[in-house]
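Asks: pasting the sequence and the predicted coordinates here, then a few questions.
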Amino acid sequence: MIFETHAHYDDEAFDTDRDELLSSMNENGIGLIVNATASKKTVEQSLELCKKYPFIYTTIGVHPSDCAEMDEEELSWLKNQCSYEKAVAVGEIGLDYHYDEPPKDVQKKWFEAQLQMARDVKLPVIIHSRDAAKDTLDIMKAMKAEEIGGDIHCFSYSVEMAREYLNMGFFIGVGGVITFKNGKKLREVVEYAPIEQIVIETDSPYLAPEPYRGKRNSSLYLPYVVEKIAEIKGLTPDEVMDITTSNAKRLYRI
Ligand code: NI
């Protein structure tokens with residue numbers, strides 16, 4: 001079976017057929033799914049999904065692009081949600097400098113606050129980092145993130161940067177980009193990283209793999225990602241599924 005480590009099934013892209021799609025997961029080999037959250041609203045929606053589907057778990061956290069309005073009250077609400085039995089990580093948290101807003105100092109403040117929250121509640125972190133390689137690593141080192149553990153979701157940096165996170169014991173999240181024509185950098189990272197530190201994800205509804213690039217993504221397309229990793233690592237798709245599933249169970253302590 002495949003363990004989907006990062007999808008957003010609360011997204012409105014699934015409003016028309018969410019139940020039908022999620023009900024078809026198990027029969028298509030997708031055994032477990034972690035629904036990643038990005039805001040208070042998506043946490044609430046994700047908790048509903050967890051209650052409805054035994055195979056869905058959730059993260060708890062506010063995405064850097066959604067942290068402009070965050071305050072201490074929201075942080076304490078998030079912390080309370082972390083005690084739910086199907087809450088398996090704090091995330092997605094981090095830094096995103098692709099757009100100018102929210103300001104960098106605001107993003108950094110809530111990234112640090114949520115790293116501290118993860119340490120307090122003893123959950124791993126799911127890191128979102130885009131165009132912010134140096135600041136992300138600096139903060140994680142300063143906060144001793146190696147003691148917290150987690151996953152760098154949708155890894156988009158170089159082999160050198162991957163080495164830093166692998167040495168801290170982090171997992172590297174690999175998705176549809178690995179099948180893209182311009183996904184060479186990620187293929188190099190996958191070649192370099194030990195298979196024991198790779199987990200697979202879609203980031204649905206985004207980043208559908210080839211041959212569906214540009215379409216709505218879902219966990220049902222994960223076999224394309226598995227196949228590509230198998231090719232790079234010289235393993236069979238079954239081996240990749242087994243190893244990455246056991247990695248994901250270690251990551252999320254399920
Ligand atoms: Ni995501």
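Replies: In hand now; what should we look at? Numbers count the residues shown, from 1 in each chain.

Asks: C-terminal to the longest strand along the chain, which secondary structure element comes first?
Replies: Assignment by DSSP state E gives strand 87-96 as the longest strand of the chain. Next along the chain after strand 87-96, taking DSSP states H and E as the criterion, comes helix 104-121.

Asks: quick one: strands adjacent to the helix or strand that that following helix is followed by?
Replies: Downstream of helix 104-121, the next assigned helix or strand under DSSP H and E is strand 125-130. According to DSSP bridges, strand 125-130 forms sheet pairs with strand 87-96 (parallel), strand 150-152 (parallel).

Asks: would strand 125-130 count as contacting the ion?
Replies: No - shown here: strand 125-130 not in contact with the ion (CB under 5 Å from the ion), separated by at least 6.3 Å. Where C-beta positions appear, they are placed from N, C-alpha and C, glycine not excepted.

Asks: between that strand and helix 104-121, how many degrees?
Replies: 160 degrees (axes from the mean of the first three to the mean of the last three CA atoms, to 10 degrees).

Asks: and strand 125-130, average pLDDT?
Replies: The average pLDDT within strand 125-130 is 98.

Asks: list the buried residues for it?
Replies: 125-130 (16 or more other CB atoms under 10 Å).

Asks: using CSV, lay out these together with distance to D66.
Replies: Below are these laid out as CSV (distance: CB to CB, whole Å):
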residue, distance to D66
V125, 16
I126, 14
I127, 15
H128, 10
S129, 15
R130, 14
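
Asks: ok, so of the residues you listed, who is nearest D96?
Replies: The nearest member of these to D96, counting by CB to CB, is R130 at 4.6 Å.

Asks: gap between that closest one and A208?
Replies: From R130 across to A208, the span is 18 Å (CB to CB, to the nearest Å).

Asks: and R187, by the same measure?
Replies: For R187, the distance to A208 (CB to CB) stands at 17 Å.

Asks: more neighbours, the two?
Replies: A208 (21 against 18; other CB atoms under 10 Å).

Asks: show me which of the strands paired with strand 125-130 has the highest average neighbour count.
Replies: Mean neighbour count (mean count of other CB atoms under 10 Å) peaks for strand 150-152 among those, with a mean of 29.

Asks: show the average pLDDT along that one.
Replies: 98.

Asks: wondering if that strand reaches the ion at all.
Replies: No - Strand 150-152 stays clear of the ion (CB under 5 Å from the ion), getting no nearer than 11.1 Å.

Asks: who's in contact with that strand?
Replies: The contact list for strand 150-152 (CB atoms under 8 Å, 6 or more residues apart in numbering) reads 5-6, 89, 91, 118, 124-127, 129, 165, 170-173, 199, 251.

Asks: ok, then the element right after that strand?
Replies: Next element after strand 150-152 (DSSP H and E): helix 159-167.

Asks: what average pLDDT does that following helix get?
Replies: 98.

Asks: so for that helix, what gets flagged as buried?
Replies: 161-162, 164-166.

Asks: as CSV, those with distance to V106 would be great.
Replies: Shown next, in CSV, are the buried residues of helix 159-167 (distance: CB to CB, whole Å):
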residue, distance to V106
M161, 24
A162, 28
E164, 25
Y165, 24
L166, 29
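
Asks: which one of those is nearest the ion?
Replies: Each of those was checked against the ion using CB to the ion; the closest is Y165, at 17.1 Å.

Asks: near the ion, which residues of this structure?
Replies: So the chain meets the ion at 36, 203 (CB under 5 Å from the ion).

Asks: which stretches of the chain form strands?
Replies: Using DSSP E, strands in the chain cover 2-7, 30-35, 56-60, 87-96, 125-130, 150-152, 171-174, 198-200.

Asks: nice, that's everything, thank you.
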